[in-house]
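Build me a structure from this.
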Amino acid sequence: MSDRQTRGAPTSEQRRQQTLGLPDWREWPNTVEYRAESTRRVRAGFVGCGGHSYRNIYSSFHWAPVDLIAVADVDLDRAKAYAREFGAERAYADYREMLARENLDCVFVVTNYDERGRPRFPGIAMDIMRAGANAWIEKPPAANLAEVEAMQAVERQTGRFTQVGYKKMFVPTYIKAKEISQRPEFGGARQLSIRYPQRMPPPETRYALDRDPLAVGFLDHVWHPFAVIQYLMGDAQTMSYVWDPQSRGFFAQFTFSNGAVASLHSSGGQAAGAPLEHVELMGDGSHVVVDNIVKLTYYRKFSGHYYGRSADFFTPDESAPIVWEPEMSLGVLYNRHTFLLGYANEIRAFCDSVLNNRPPERAGLRDTHTMMQIYEGFRQPAGTTVEIKVPVAV
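Next up is the predicted model:
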């Protein structure tokens with residue numbers, strides 16, 4: 001056997017490095033280690049074997065340091081099928097048995113609603129933490145603030161933590177927008193405007209999860225724009241809203257302790273085929289626009305044209321807008337939906353927290369506490385100013 005056969009043939013990536021003189025990929029920013037290359041991995045369980053988890057969560061484990069040990073689903077045959085497909089060692093029909101039998105670092109949970117239309121996540125997350133593991137749960141994390149505070153109490157009792165699947169906090173364009181807003185020349189995040197399609201039920205059934213399917217839809221989806229607000233602006237101080245009973249859309253206004261403001265246009269009547277999201281973040285003479293999640297435009301400071309005299313509309317090159325959007329031809333990571341939509345990034349961040357025994361810096365129950373107060377603020381009549389209370393320690 002030749003030395004080449006003994007050592008193994010170089011990979012195509014290694015050949016490109018040699019041919020082009022490229023450095024090792026680990027020296028580049030924002031590069032990703034494949035799961036097969038990971039030397040430290042979390043021992044993970046999974047509760048739930050449905051369509052969403054199949055498309056978006058299990059498949060993201062390719063790019064995260066996850067050893068999938070066991071899966072659980074009320075349908076044992078389905079759990080066994082998922083275990084085979086995604087490489088888990090065992091399958092269970094009862095997640096409690098999985099927690100009792102397996103030695104797990106963390107458990108991912110993607111389940112449906114109970115017979116009353118309430119999320120199952122709080123009870124499962126608390127069981128996971130009491131079993132000594134950390135929990136990652138999809139949104140909506142709970143039905144009310146009391147359930148959030150119950151999970152926080154278990155965090156304190158056990159020393160474990162829960163991260164919630166607020167994928168918007170991990171979308172690359174929103175991460176870039178936040179980074180730009182923190183540059184001195186931007187002037188800070190002063191105004192935020194979001195358009196996101198959402199219908200809100202009338203007051204009498206707004207929280208009737210067992211009676212109004214629209215109430216469940218409101219609870220399920222409104223966390224997406226809430227997460228953008230929380231991530232880009234921080235804790236809201238007040239919230240008020242107006243509501244259109246015909247389209248069931250609404251406008252909500254937010255204030256922040258530093259004087260900044262935000263608005264959420266929940267465009268319940270927009271066309272179903274249109275892009276869902278439009279975000280504008282203003283600084284002081286600069287602003288950022290994110291269209292359809294994938295296109296970011298940074299409008300840099302510019303003193304302006306001479307009003308009434310300038311004969312062209314061009315901005316000087318040094319202050320011209322910068323536009324980023326992904327090319328969609330190559331079979332690479334940055335144009336995969338699991339990265340563009342934030343799934344892979346949130347799972348990688350959670351695994352990093354677990355491996356380093358460090359609670360999440362974003363998308364944890366601390367953020368959830370503030371966001372749940374906003375959700376519950378819609379119990380108040382339209383036009384009411386609702387105060388958002390942020391405890392010193394929650």
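
residues in contact with R358?
Contact analysis of R358 by C-beta atoms under 8 Å, 6 or more residues apart in numbering lists D352. C-beta here means a position set from N, CA and C on the backbone, and glycine is covered the same way.

likewise G283?
For G283, the contact set (C-beta under 8 Å, 6+ apart) comprises 181, 186-190.

Check F254 too.
For F254, the contacting residues are 229, 233, 236-239, 261-264, 374, by C-beta under 8 Å, 6+ apart.

Repeat that for M372.
Neighbouring residues of M372 by C-beta under 8 Å, 6+ apart: 141-142, 144-145, 148.

quick one: which of the contacts of G283 is nearest I347?
I347 has its nearest neighbour among the contacts of G283 in S181, at 25.1 Å by C-beta to C-beta.

Surely that closest one touches A189?
Yes. Applying C-beta atoms under 8 Å as the test, S181 and A189 come out as touching, 4.4 Å apart.

Pull up the overlap in contacts between those two.
Shared contacts of S181 and A189 (C-beta under 8 Å, 6+ apart): 232, 281, 283.

how near is the last one to E85?
Looking back up the chat, that one is G283. Here the criterion is C-beta to C-beta, to the nearest Å. By it, G283 lies 46 Å from E85.

Would you mark the buried spots in stretch 167-179?
167-175, 177-178 (16 or more other C-beta atoms under 10 Å).

Can I get the buried part of the contacts of M372 as one PyMOL selection?
In PyMOL, a selection of the buried entries from these looks like this (16+ other C-beta under 10 Å):
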select buried, resi 141+142+148
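
Among the contacts of M372, which ones are in strands?
Among those, none falls in strands (DSSP state E).

now, among the contacts of M372, which is nearest to G383?
L145 (22.1 Å).

who does the helix or strand where A262 lies touch, helix- and strand-wise?
Using DSSP states H and E, the element containing A262 is strand 261-266. The contact analysis (3 or more C-beta pairs under 8 Å, 6 or more residues apart in numbering; DSSP states H and E) places strand 261-266 against strand 191-196, helix 223-233, strand 250-256.

which secondary structure elements does the second one contact?
In other words, helix 223-233. Short answer (3+ C-beta pairs under 8 Å, 6+ apart): helix 223-233 packs on helix 172-181, strand 191-196, strand 250-256, strand 261-266, strand 278-282, helix 365-377.

which residues touch C106?
Contacts for C106 (C-beta under 8 Å, 6+ apart) come out as 42-45, 128, 133-136, 350-351, 354.

Determine which two of the residues you listed are furthest apart.
Largest separation among the contacts of C106 by C-beta to C-beta: I128 and C351, giving 15.3 Å.

End to end on stretch 106-117, go ahead and measure it.
Terminal residues of stretch 106-117 lie 26 Å apart, using C-alpha to C-alpha, to the nearest Å.

Off-centre distance for that stretch?
17 Å (C-alpha atoms, centre = their mean, to the nearest Å).

Over to stretch 236-249?
That offset, for stretch 236-249, works out to 23 Å (C-alpha atoms, centre = their mean).

ok so, going back, make TSV from the contacts of G283 and add distance to Q270 and neighbour count to it.
Shown next, in TSV, are the contacts of G283 (distance: C-beta to C-beta, whole Å; neighbours: other C-beta atoms under 10 Å):
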residue	distance to Q270	neighbour count
S181	26	21
F186	29	22
G187	31	15
G188	30	14
A189	25	23
R190	26	19
